[in-house]
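**Q** From the sequence below, what's the structure:
(one chain, ligands or ions: 1)
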Amino acid sequence: SEKLRVPESLTFDDVLLRPMESHVEPDEANVSTRVSTNVTLNIPVLSAAMDTVTESGLAIAMARNGGLGVLHRNMTVDEMVVEIERVKRADELVIRREDVVTAEPEQTVREVDEMMEREGVSGAPVVDEDDTVLGIISGTDIRPYLEVGESDEVRKAMTDEVITAAEGVTARDALELMYDHKIERVPIVDDENRLVGLVTMQGILQRREHENAARDDDGALRVGVAVGPFEDDRARAADEAGADVLFIDCAHAHNRNVIDSAREIRASVDADVVVGNVGTREAAKAVVDFADGVKVGIGPGSICTTRVVTGAGMPQITAVSEVADVASRHDVPVIADGGIRYSGDAIKAVAAGADAVMLGSYFAGTDEAPGRVITMNGKKYKQYRGMGSVGAMRSGGGDRYLKEEDDDEGFVPEGVEAATPYKGTLASELHQLVGGMKSGMGYVGAAAIPEFKERSRFVRVSAAGQTEGHPHDVMITDEAPNYSPQ
Ligand code: RVP
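**A** Alright, predicted model coming up:
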């Protein structure tokens with residue numbers, strides 16, 4: 001019958017990259033990529049919007065390493081705003097007034113010395129009761145007094161010719177001031193010389209450590225936020241709090257109401273709006289005229305039971321390539337979301353047409369992910385659960401998989417609650433993931449992502465070929481940092 005003339009669909013294990021002539025050393029491959037209209041990342045990696053994966057802790061680490069964390073939405077709008085601010089402030093150049101440790105001119109040198117020790121700072125602006133900057137005091141100013149005049153007033157010991165800068169100073173200008181005047185901190189003042197913040201040499205050097213970081217135009221770390229398809233309030237609040245990308249978070253975005261609402265949200269915010277999830281050419285066509293990015297994945301997730309529970313889904317390589325066919329013609333970036341177990345899967349997703357990949361299970365076991373380490377049978381794990389699992393749906397307004405008629409007991413879950421091996425720091429996981437992806441680009445001879453997407457070709461893998469590809473006929477004796485048997 002017509003019904004049984006069905007098209008083939010493929011996923012990660014069905015394909016391999018065909019090796020090609022190459023002059024690209026893996027460490028030369030440039031993996032920077034665009035994830036949405038206005039956001040380019042230095043690594044093509046996002047962390048999933050799940051309550052066991054991305055809160056501010058992981059989002060900060062993701063952005064510092066060049067990727068993007070997407071905050072989950074199993075929290076109130078107010079909580080979300082706090083989380084966004086945590087990320088945005090994490091690497092701030094200017095320490096805000098309320099966080100600056102200051103001294104008063106009448107305090108004694110001894111008092112200030114103790115205060116600086118307690119607060120862990122090595123210097124402090126000296127201000128009067130109106131917050132006017134009178135001077136600055138540092139360990140070097142204090143030291144001579146500690147012997148002879150420790151009850152002298154700070155006024156006497158401080159440096160009163162203070163080098164200050166105005167709000168909006170750039171890191172480069174601040175650094176130049178510090179070099180020119182051989183100082184370690186510059187108070188930021190308003191036009192009446194009142195203290196509004198502080199820039200420190202230490203802060204600037206810390207930022208330099210993360211030269212690959214994903215930053216907005218003001219130098220703050222980038223952050224993404226999941227927003228329910230009909231959550232206009234959350235979308236606006238996230239936008240106002242400075243989120244860079246909103247991800248319309250829906251298990252099946254190919255739905256007129258979802259798309260209409262996403263379009264309205266898109267029109268009412270400054271942030272980019274990525275729409276998902278979709279998995280077909282038709283769905284892509286329905287969103288590419290307004291979306292800043294499309295996210296692909298119907299059922300590939302490691303904790304996802306959508307395909308078994310509902311009988312619907314699209315194997316991920318086929319899904320990504322269908323969507324990318326349409327999206328690339330409209331210059332809309334594509335994100336492959338879910339099902340990635342190894343770095344090889346990630347770079348296959350890019351070969352299929354994705355500009356970036358989103359992972360959940362890969363990061364859920366890291367130190368920076370929420371939740372604590374649990375030990376079972378002598379091995380360490382962290383909790384990892386689907387946002388469509390009973391536990392996640394119960395503990396949040398997460399309506400991603402919820403139908404209107406569902407009451408508390410009536411959930412039909414599309415995800416499971418699980419544990420994933422504990423993995424250590426996010427930086428080391430990302431190092432393996434991105435390192436493997438770059439090596440894949442080396443085998444194809446492509447020095448950058450756009451070129452790799454063009455040039456790469458797949459071969460089909462049989463079950464025998466699949467077995468051949470994993471370690472076989474040996475007993476693994478030492479764990480590799482980037483491989484564990486499934
Ligand atoms: P994975 O990386 O394979 O663990 O997949 C993570 C993705 O799975 C998420 O980004 C999301 O799209 C999807 N997900 C999250 N919860 C569920 C579920 O409960 N079915 N699925």
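
**Q** Could you list everything G135 pairs with in the sheet?
**A** The partner list for G135 in beta bridges (DSSP bridges) reads V126.

**Q** again with K295
**A** The partner list for K295 in beta bridges (DSSP bridges) reads G276, I335.

**Q** so what's it up against?
**A** Under the criterion of C-beta atoms under 8 Å, 6 or more residues apart in numbering, the contact partners of K295 comprise 247, 274-278, 334-335, 337, 358. C-beta coordinates here come from the backbone N, C-alpha and C atoms, glycine included.

**Q** The longest helix along the chain packs against which elements?
**A** Looking only at the chain and at elements set by DSSP state H, the helix with the highest residue count is helix 426-444. Helix 426-444 is packed against strand 15-17, strand 45-47, helix 56-64, helix 343-351, helix 361-364, helix 449-455, with contacts defined by 3 or more C-beta pairs under 8 Å, 6 or more residues apart in numbering; DSSP states H and E.

**Q** relative orientation of it and helix 56-64 in degrees?
**A** With axes from the mean of the first three to the mean of the last three C-alpha atoms, to 10 degrees applied, the angle from helix 426-444 to helix 56-64 works out at 40 degrees.

**Q** Any part of helix 426-444 near the ligand?
**A** No: in terms of C-beta under 6 Å from any ligand atom, no part of helix 426-444 sits within range of the ligand; the closest distance is 11.4 Å.

**Q** In that helix, which of the residues would be classed as buried?
**A** Buried residues in helix 426-444, counted by 16 or more other C-beta atoms under 10 Å: 426, 429-430, 432-444.

**Q** who wins for neighbours among the contacts of K295?
**A** Neighbours here mean other C-beta atoms under 10 Å. Within the contacts of K295, the largest count is held by M358, at 35 neighbours.

**Q** hang on, it in a strand?
**A** Yes: the assignment for M358 (DSSP: H, G, I helix; E, B strand; the rest coil) places it in a strand.

**Q** That one against G339, yeah?
**A** No: between M358 and G339 there is no contact under C-beta atoms under 8 Å: 10.1 Å.

**Q** what do the two both touch?
**A** G297.

**Q** Residue numbers of the chain in contact with the ligand?
**A** Remark: the part of the chain in contact with the ligand comprises 48, 50, 277, 297, 301-304, 306, 337-340, 358-362, 386-389, 414-415, using C-beta under 6 Å from any ligand atom.

**Q** So which of those sit within helices?
**A** Those of the residues of the chain next to the ligand lying in helices (DSSP H): 306, 361-362.

**Q** Which one of those is nearest to D239?
**A** Using C-beta to C-beta, Y362 comes nearest to D239 of these, at 28.5 Å.

**Q** quick one on the thing from earlier: what's the lowest-pLDDT member of the contacts of K295?
**A** Per-residue confidence over these reaches its minimum at G276, where pLDDT is 92.

**Q** quick revisit: pick the one among the buried residues of helix 426-444 closest to E192.
**A** For these, the minimum distance to E192 (C-beta to C-beta) is 43.8 Å, reached by L426.

**Q** Return the residues in contact with that closest one.
**A** Going by C-beta under 8 Å, 6+ apart, the list of residues near L426 reads 58, 61-62, 65, 363, 366-369.

**Q** do the same with E111
**A** Contacts for E111 (C-beta under 8 Å, 6+ apart) come out as none.

**Q** element containing N257, please.
**A** In this structure, N257 sits in helix 256-268 according to DSSP states H and E.

**Q** Residues contacting that helix, please?
**A** Where contact means C-beta under 8 Å, 6+ apart, the residues beyond helix 256-268 that reach it are 227, 229-230, 232, 235-236, 239, 246, 248, 250, 252-253, 273, 275, 286-287, 290-292.

**Q** So which of the residues you listed are in strands?
**A** Within the contacts of helix 256-268, residues falling in strands by DSSP state E are 227, 246, 248, 273, 275.

**Q** Need the pLDDT of G398.
**A** The predicted structure scores G398 at 50 on the pLDDT scale.

**Q** Can I take it that V70 is in a strand?
**A** Yes: inclusion of V70 in a strand is indicated when three-state DSSP is applied.

**Q** can you give me phi and psi for the residue nearest to it when sequence neighbours are not counted?
**A** Taking C-beta to C-beta, 6 or more residues apart in numbering as the measure, V70 lies nearest to G224, with 3.8 Å between them; neighbours along the chain are not counted. Phi and psi for G224, reported as degrees, to the nearest 10, are phi -110, psi 160.

**Q** Quick check: beta-bridge partners of G224?
**A** Applying DSSP bridges, one finds that G224 bridges with V70, V245.

**Q** ok, now A480?
**A** Under the criterion DSSP bridges, A480 forms beta bridges with Y483.

**Q** Look at it and say how many residues are nearby.
**A** In terms of burial, A480 registers 9 neighbours under the definition other C-beta under 10 Å.

**Q** Would you mind measuring from it to H470?
**A** With distances taken as C-beta to C-beta, to the nearest Å, A480 is found 12 Å from H470.

**Q** try L4
**A** Relative to H470, L4 is positioned 33 Å away (C-beta to C-beta).

**Q** contacting residues for the closest residue in space to R86 that isn't next to it in sequence?
**A** Closest residue to R86 in three dimensions, ignoring its sequence neighbours and counting by C-beta to C-beta, 6+ apart: S56, at 3.9 Å. Applying C-beta under 8 Å, 6+ apart, we find S56 in contact with 71, 83-84, 86-87, 90.

**Q** distance of S56 from the ligand?
**A** From S56 over to the ligand the distance is 18 Å, taken as C-beta to the nearest ligand atom, to the nearest Å.

**Q** Farthest-apart pair in the contacts of L426, please.
**A** Across the contacts of L426 (C-beta to C-beta), the longest gap, 14.0 Å, separates N65 and A369.

**Q** Which one's more surrounded, the two?
**A** A count of neighbours by other C-beta under 10 Å puts A369 above the other of N65 and A369, at 26 against 23.

**Q** which ones are touching that one?
**A** Here A369 is in contact with 52-54, 57-58, 363, 382, 426 (criterion: C-beta under 8 Å, 6+ apart).

**Q** Only the buried residues of whichever strand or helix holds V323, if you could.
**A** When elements are assigned from DSSP H and E, V323 belongs to helix 316-329. Applying a neighbour-count criterion of 16+ other C-beta under 10 Å, one finds 316-324, 326-328 buried in helix 316-329.

**Q** and which of those is nearest to A354?
**A** For the buried residues of helix 316-329, the residue nearest A354 by C-beta to C-beta is V320; the value is 5.2 Å.

**Q** which residue packs closest to the closest one, ignoring adjacent ones?
**A** For V320, the nearest residue in space outside its immediate sequence neighbours is A352; the separation is 4.2 Å by C-beta to C-beta, 6+ apart.

**Q** quick one, strands of the stretch 101-250 of the chain?
**A** Under the criterion DSSP state E, counting those that start in this stretch, the stretch 101-250 of the chain contains strands at 123-127, 133-138, 165-166, 185-189, 195-200, 224-227, 245-249.
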